[in-house]
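Asks: Below are the sequence and a predicted model; questions follow.
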Amino acid sequence: MNRNDIIRSQNLVTLANAIELATAIIENIGGNDISTVVDGKPVTPTEVSSALAAKFRSTFIKNPGV
């Protein structure tokens, strides 16, 4: 494994942890202040995580090298 592969692997772990942490924060502090329903369906933690991952990914695509 070369240096870039190691860094990439570490970055993926960090990103995954950031998504899990952000999801937990939203779930814990959201309560009634944040809607948990979209189009009449309850929003699951998996859906919140997916939305966060998509947002993070779009930020990296728009700002390569950041």
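Replies: Alright, I've got the coordinates. Numbers count the residues shown, from 1 in each chain.

Asks: and T36, what pLDDT?
Replies: As predicted, T36 sits at a pLDDT of 69.

Asks: got it, and P64?
Replies: 68.

Asks: Please apply the same query to A24.
Replies: A24 is assigned 89 on the pLDDT scale.

Asks: mind starting the numbering at 596 from now?
Replies: Got it, first residue is 596 now, which makes that one A619.

Asks: Run a quick neighbour tally on it.
Replies: Neighbourhood size, A619 [other Cβ atoms under 10 Å]: 13. Heads up, the C-betas are built off the backbone N, CA and C, glycines and all.

Asks: Kindly report the same for T618.
Replies: T618: 19 neighbours (other Cβ under 10 Å).

Asks: so it touches S645, yeah?
Replies: No. T618 is not in contact with S645 according to Cβ atoms under 8 Å; the separation is 9.6 Å.

Asks: residues shared between the contacts of these two?
Replies: Shared contacts of T618 and S645 (Cβ atoms under 8 Å, 6 or more residues apart in numbering): none.
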